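Asker: The following block contains a protein sequence and its predicted model.
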Amino acid sequence: MIKEVIVASEEKMKKSIELLKKELQGLKAGRANAAMLDKITVDYYGTPTHIAQLASISIPEPRVLVIQPWDKSVIKEIEKAIQKSDLGINPTNDGQVIRLVIPELTEETRKNLVKVVKKHGEDTKVAVRSIRRDANDKLKALKKEGNYSEDEIKRTEEEVQKLTDNFIKEIDKLVEAKEKEIMTV
């Protein structure tokens, strides 16, 4: 039972890190990245469908995304969905493919993006610490039941703390790397 607390906590912390990675991938850093389109859905015959399921997405140049729909009749719908999204990029289409030219980021935009990255990092740290708190609460409940010695509970609490520290370090590394990517001109 005591080991299950550690395993469950580690799993939840890993999921928090994965979520952070996805969030950071979706942020544009002045370079083309197919993950920018992950949150955009297109109304495809009445069904909300992700662009990646309707077209092939390629990056022929560092700041250009090319979307080539398999069904040419959906080009207008994809274009509308991109315009309605929070990407802030105007798509151009030649009847065959849609091109997205990612604009160069201004200094102010870069600084705002870094703030967003830091906020995502902080939110993830809060989630990890919350998982630690829940684990410690479970351990205290086990201690009250009397099935485990105080030493076992203390050792497990220390293990949970080590896990937390390691995940916090990983979050800091991810945030720092994304910050560097954004600030690099």
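Answerer: Right, received. Where do you want to start? Note that the coordinates shown come from a computational prediction; the quantities given were computed from them, not determined experimentally.
Asker: which strands and helices sit next to the host helix or strand of V117?
Answerer: In this structure, V117 sits in helix 107-145 according to DSSP states H and E. Judged by 3 or more C-beta pairs under 8 Å, 6 or more residues apart in numbering; DSSP states H and E, the packing partners of helix 107-145 are helix 2-26, helix 150-183. Bear in mind the C-beta positions are built from the backbone N, C-alpha and C, glycine included.
Asker: Show me what counts as buried in stretch 88-97.
Answerer: In terms of neighbour count (16 or more other C-beta atoms under 10 Å), stretch 88-97 has its buried residues at 89, 91, 97.
Asker: hang on, the second one packs against R99?
Answerer: Yes: the criterion here is C-beta atoms under 8 Å, and P91 meets it with R99 at 6.9 Å.
Asker: which neighbours do the two share?
Answerer: Contact criterion C-beta atoms under 8 Å, 6 or more residues apart in numbering; residues shared by P91 and R99: I67.
Asker: what's around M13, how many residues?
Answerer: Using other C-beta atoms under 10 Å, the number of residues around M13 comes to 25.
Asker: Just give the closest residue to it, not the sequence neighbours.
Answerer: Distances taken as C-beta to C-beta, 6 or more residues apart in numbering place F167 nearest to M13, at 4.6 Å, with adjacent residues excluded.
Asker: Around that neighbour, how many other residues sit close by?
Answerer: There are 24 residues near F167, going by other C-beta under 10 Å.
Asker: Then Q161?
Answerer: 13.
Asker: ok, now how distant is the residue nearest to it when sequence neighbours are not counted from M1?
Answerer: Closest residue to Q161 apart from its sequence neighbours, by C-beta to C-beta, 6+ apart: R132 at 7.0 Å. According to C-beta to C-beta, to the nearest Å, R132 and M1 sit 18 Å apart.
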